[in-house]
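**Q** how would this look folded up:
(chains A, B, C and D)
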2 protein chains.
Amino acid sequence: MKVSTKKEEFLQESLKLIHEKGFKATTMRDIADRLGFDVSNSYNYIKSKQEILESFLFRTSNEFHDSMNNIMGSNYPIDEKLKQVISAHIKIASQRPYEVALMVNEWRNLKEPKYTQYVELRDTYEQKFGDLLKEGIDNHIFKAMDIEIATAVILSSIRWFYDKYTNDGKSNLNPIELERQIIDFVFNGVLL
Amino acid sequence: MKVSTKKEEFLQESLKLIHEKGFKATTMRDIADRLGFDVSNSYNYIKSKQEILESFLFRTSNEFHDSMNNIMGSNYPIDEKLKQVISAHIKIASQRPYEVALMVNEWRNLKEPKYTQYVELRDTYEQKFGDLLKEGIDNHIFKAMDIEIATAVILSSIRWFYDKYTNDGKSNLNPIELERQIIDFVFNGVLL
DNA sequence: TTCAAACATAAACAATTGTTGATTAAAAAA
DNA sequence: TTTTTTAATCAACAATTGTTTATGTTTGAA
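**A** Numbering: from 1, shown residues only, chains lettered A, B, ... in the order given. Down below sits the predicted model:
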């Protein structure tokens, strides 16, 4: 007895529509229309519109945290850990681009208390990333940098990846090649 | 006879509120409430809610384009041009953080034909940035890179600056120090 | 003082939106 | 076959929202 196929279909279509139009601009009637049934039927699948956002955001957030925790708990050298965090990000973004797009663009639409919970999760992730950088600096693997700036710069530089794997992003980038170039950039910059 | 102080106050308060709550979530009544008058009075200052968004977005977009065009038209060496583009971005983001925040977060709420116009402006800017990188690669100043990836990475890594200059961003970063670290990162990466 | 511009309010509008309740049909499980 | 889930519809709701119209007040320049 698998989880209702119809429910899964409903959620996937919701996800894509919210990605296209934005959460606030997507109405329950928009979603129902695309699936070919009446609005009210949607509430056989979900409790509220908010629930759609919440489930996608927290599920994907957990994926990021699990991968971060695995890497942090390993014995790899610090530069290898940084590579793996970037690699994990590309993997998740290429496998679930629409969910990642929601994380980037629609988290503001969460309501309390989910909003605060989500922001805290995000802060924790950034904190761990900053710790990783700090360890690299202390061990003289990375150059001296302002942790706050470096964290923001590096995380921002990888945040847009999802765009290359949604259908509206024109080109379809090879994840392996993307990873190679990003890591080279983060480690060595643009100079020869 | 200066342009109505009250109108300027109205627009500034709108800008901040839209930054805080998002464009869709900000109602005309929210703005009027904060200014202490009735909704309908707002329409003595503006023609429509959309107009608020449009005016801020296109005005600030023009600032970026003007500075980009000035730099492109100069005779500086290519690596110096890249530095200046980054520097100009920091300058605009630190002077008008709320406007830049709107550019980053609320452009999706534009309606046609403004939406398409804005996206085209954005594409043009990225195109010029890519041309700059390409020239640097051809002249063996920058290493060989995929232009599409490099453009996205570098522009993303500088897009968040506004956050350090809005009041909700906690710390207040020194623009000079920020610029130094960013340029060092973009040119040389994190390795020693 | 006169007069236009700027500033303000009250009332209402039409449309949209998330959600509920009652009910029925179909499908799956017992 | 009976019974329970699942899937669907129709109608309606209460609230919100952008905007308009008509009207009144304040103010600064002529």
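**Q** where exactly do the helices run in chain A?
**A** With helices called from DSSP state H, chain A shows them at A:5-21, A:28-35, A:49-72, A:78-95, A:97-105, A:114-138, A:147-159, A:175-188.
**Q** could I get the ones you listed as TSV with distance to chain B, mean neighbour count and mean pLDDT?
**A** For the C-beta atoms, the positions are set from N, CA and C on the backbone; glycine is no exception. Converted to TSV, the helices of chain A look like this (distance: least, CB to the nearest CB, whole Å; neighbours: other CB atoms under 10 Å in any protein chain shown; pLDDT from 0 to 100):
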stretch	distance to chain B	mean neighbour count	mean pLDDT
helix A:5-21	8	17	94
helix A:28-35	14	16	96
helix A:49-72	13	17	97
helix A:78-95	8	19	96
helix A:97-105	8	20	97
helix A:114-138	7	16	97
helix A:147-159	4	20	95
helix A:175-188	4	17	93
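**Q** those: which one's closest to B:D66?
**A** Closest approach to B:D66 among those is made by helix A:147-159 (24.4 Å; CB to CB).
**Q** who are the packing partners of that closest one?
**A** helix A:78-95, helix A:114-138, helix A:175-188, helix B:147-159, helix B:175-188 (3 or more CB pairs under 8 Å, 6 or more residues apart in numbering or on different chains; DSSP states H and E).
**Q** which stretch among the helices of chain A comes nearest DNA strand D?
**A** Between DNA strand D and the helices of chain A, the shortest gap by CB to the nearest atom of the strand is with helix A:5-21, which sits at 3.2 Å.
**Q** what lies in contact with the closest one?
**A** A:26, A:30-31, A:34-35, A:42, A:45-46, A:52-53, A:55-56, A:98-99, A:101-102, A:105-106, A:166, A:168 (CB atoms under 8 Å, 6 or more residues apart in numbering or on different chains).
**Q** can I get the CA coordinates of it in CSV?
**A** Extracted as CSV, the C-alpha positions of helix A:5-21 are listed here (Å, rounded to 0.1, in the frame of the first residue of the first chain):
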residue,chain,number,x,y,z
THR,A,5,0.0,8.5,-6.2
LYS,A,6,-2.6,11.3,-6.6
LYS,A,7,-1.3,13.1,-3.6
GLU,A,8,2.3,12.9,-4.9
GLU,A,9,1.2,14.2,-8.2
PHE,A,10,-0.6,17.0,-6.5
LEU,A,11,2.4,18.0,-4.5
GLN,A,12,4.8,17.8,-7.5
GLU,A,13,2.5,20.0,-9.6
SER,A,14,2.2,22.5,-6.7
LEU,A,15,6.0,22.6,-6.4
LYS,A,16,6.5,23.5,-10.1
LEU,A,17,3.7,26.1,-10.1
ILE,A,18,5.0,27.7,-7.0
HIS,A,19,8.4,27.8,-8.5
GLU,A,20,7.1,29.4,-11.7
LYS,A,21,4.8,32.0,-10.2
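**Q** what about it, near DNA strand C?
**A** No: counting by CB under 7 Å from any atom of the strand, DNA strand C is not contacted by helix A:5-21; separation bottoms out at 9.2 Å.
**Q** ok now that helix, how far from the chain's centre?
**A** Centroid displacement of helix A:5-21 relative to its chain, using CA atoms, centre = their mean, to the nearest Å, is 17 Å.
**Q** quick one, it and helix A:49-72 angle?
**A** 90 degrees (axes from the mean of the first three to the mean of the last three CA atoms, to 10 degrees).
**Q** anything in helix A:5-21 near DNA strand D?
**A** Yes: counting by CB under 7 Å from any atom of the strand, DNA strand D has neighbours in helix A:5-21: A:5-7.
**Q** adding distance to B:S74, write the helices of chain A out as JSON lines.
**A** Shown next, in JSON lines, are these (distance: least, CB to CB, whole Å):
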{"stretch": "helix A:5-21", "distance to B:S74": "40"}
{"stretch": "helix A:28-35", "distance to B:S74": "48"}
{"stretch": "helix A:49-72", "distance to B:S74": "42"}
{"stretch": "helix A:78-95", "distance to B:S74": "35"}
{"stretch": "helix A:97-105", "distance to B:S74": "34"}
{"stretch": "helix A:114-138", "distance to B:S74": "35"}
{"stretch": "helix A:147-159", "distance to B:S74": "26"}
{"stretch": "helix A:175-188", "distance to B:S74": "26"}
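**Q** and of the ones you listed, who's closest to B:S87?
**A** helix A:147-159 (15.2 Å).
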